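Colleague: can't give you the sequence, but here's the structure:
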Ligand SMILES: Nc1ncnc2c1ncn2[C@@H]1O[C@H](COP(=O)(O)OP(=O)(O)OP(=O)(O)O)[C@@H](O)[C@H]1O
Ligand SMILES: C[C@@](O)(CCO)CC(=O)[O-]
Ligand SMILES: [Mg+2]
């Protein structure tokens, strides 16, 4: 089925509460965004894996023997339950970085890792040569789960190509999704991909990319919220680059340095996530402005906690000040340290007020846009179902 080529996509995400704390076993609430990463998979010249990643300026191809040689450094029974070792990660990055001279060796390391585990493994059998193109609507490295959407797309594509999951798109259908069991396998391999990029991910980002919607996540336990909350969110990108891996490592260092100070902060963030979930569940039944003061206060408290654990940034402080001057409440989303913030818009926030806030945010050099939440998770597409812009990007790249 895949030999005719396939196109799939996975959504980005916004974390309402729980970023960083979720790495240490606390609760996070996350929602899928209507910004997606797309992957096109096609057969290509014998004996090669051709990779085009325009989002990170990478165009590379590998001969399959070099990937088979890389595979020899991994146990024959390597599977999705085991994290790659430090030595294996170093080998992958060296292979990706040296072989490609790439601007984003982690992207290539993740792709090489998943290809070699899924396409060259005895468990799933060999996969013919392939041409992989990934194109995204998401800003990269901005806190909206771009690495997870990328990893979910790679896992779904390679598992489809090696026959470990079905290709559920039927003739005449515009989109299709996999079974729960198949999504669980896709998610577990996407988590492996996040491990190559992030180092020590919690798994919340790839879970949202796989299942979509809105979910509660804690230590691998994924609980979809009863309903997607009817929240209006303004996303703002400070355009300050940062690395999730570095920020997550910084929080771990702070915990080791000041355990009695930082651990209670993580416990408080856990309580904020749970309080927010309770409010959202009441709200979903009857959304009304009366619930917003609590949601806004939780945003403010969490943002202060995130500053305390060291993942704030002056650009994010400025974002919060600007939106506060318009009576709106914001917090960073994702790893912080720059990247994106989210602002809660009340049901009765006028379009004029939103435009005024956007104007002031843009004057800071930020980019902002209103987004809807609760998008579907990883999805197979027929070419006819793709927006013209996406089709153009996937055919012209
Ligand atoms: N479309 C893409 N194509 C190839 N690689 C990508 C793509 N999007 C993301 N990546 C990889 O993910 C890295 C960014 O991951 P990182 O986790 O730091 O940011 P993020 O996922 O956008 O934010 P957060 O993890 O806070 O949600 C990039 O440097 C690149 O290696
Ligand atoms: C910062 C973090 O909590 C969320 C990044 O989007 C990292 C993770 O959970 O893997
Ligand atoms: Mg990421």
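Modeller: In hand now; what should we look at? Since this is a predicted model, take the numbers as computed values, not measurements. Numbering: from 1, shown residues only. Ligands and ions are numbered 1, 2, ... in the order given.
Colleague: On the three-state scheme, the closest residue to residue 329 other than its chain neighbours is what?
Modeller: Excluding the flanking residues, the one nearest residue 329 by Cβ to Cβ, 6 or more residues apart in numbering is residue 296, at 3.8 Å. Using the backbone N, CA and C atoms, a C-beta is placed for each residue, glycine as well. Three-state assignment for residue 296 (DSSP: H, G, I helix; E, B strand; the rest coil): helix.
Colleague: How far off centre is stretch 245-258?
Modeller: When distances are taken as Cα atoms, centre = their mean, to the nearest Å, stretch 245-258 is centred 21 Å away from the chain's centroid.
Colleague: Ignore what I typed, I meant stretch 69-83.
Modeller: How far stretch 69-83 lies from its chain's middle: 24 Å, per Cα atoms, centre = their mean.
Colleague: give me the number of residues near the closest residue to residue 267 other than its chain neighbours?
Modeller: In space, and not counting its chain neighbours, residue 267 is closest to residue 26: 7.3 Å by Cβ to Cβ, 6+ apart. By other Cβ atoms under 10 Å, 24 other residues sit near residue 26.
Colleague: Got the phi and psi for residue 26?
Modeller: Main-chain dihedrals, residue 26, degrees, to the nearest 10: phi -90, psi 170.
Colleague: quick one: it and residue 272 touch, right?
Modeller: No: using Cβ atoms under 8 Å, residue 26 makes no contact with residue 272, being 9.5 Å away.
Colleague: Are there residues contacting both of the two? Which ones?
Modeller: Taking Cβ atoms under 8 Å, 6 or more residues apart in numbering as the criterion, residue 26 and residue 272 both touch residue 18.
Colleague: thinking again about what came up before, any idea how far the residue nearest to residue 329 is from residue 43?
Modeller: Distance of residue 296 to residue 43, given as Cβ to Cβ, to the nearest Å: 52 Å.
Colleague: With residue 121 instead?
Modeller: When distance is defined by Cβ to Cβ, residue 121 is 19 Å away from residue 43.
Colleague: Over to residue 85?
Modeller: 32 Å.
Colleague: Residue 381 and residue 7 touch, don't they?
Modeller: Yes: contact criterion Cβ under 8 Å: residue 381 and residue 7 qualify, at 4.7 Å.
Colleague: Now the common contact residues for these two.
Modeller: Residues touching both residue 381 and residue 7 by Cβ under 8 Å, 6+ apart: residue 38.
Colleague: sorry, back to before: okay, residue 296 and residue 43: which has more neighbours?
Modeller: Using other Cβ under 10 Å as the criterion, residue 296 and residue 43 rank with residue 296 on top: 19 against 15.
Colleague: Show me what the helix or strand containing residue 321 is packed against.
Modeller: Taking DSSP states H and E as the definition, residue 321 sits inside helix 314-324. Judged by 3 or more Cβ pairs under 8 Å, 6 or more residues apart in numbering; DSSP states H and E, helix 314-324 is in contact with strand 232-237, helix 292-308, strand 329-332, strand 340-345, helix 351-363.
Colleague: so which of the ones you listed comes closest to ligand 1?
Modeller: strand 340-345 (8.2 Å; Cβ to the nearest ligand atom).
Colleague: now that closest one against helix 292-308, angle please.
Modeller: 160 degrees (axes from the mean of the first three to the mean of the last three Cα atoms, to 10 degrees).
Colleague: ok, strand 340-345: who's next to it in the sheet?
Modeller: strand 232-237 (antiparallel), strand 329-332 (antiparallel) (DSSP bridges).
Colleague: Just name the most buried of those strands.
Modeller: strand 329-332 (a mean of 26; mean count of other Cβ atoms under 10 Å).
Colleague: No more questions from me, cheers.
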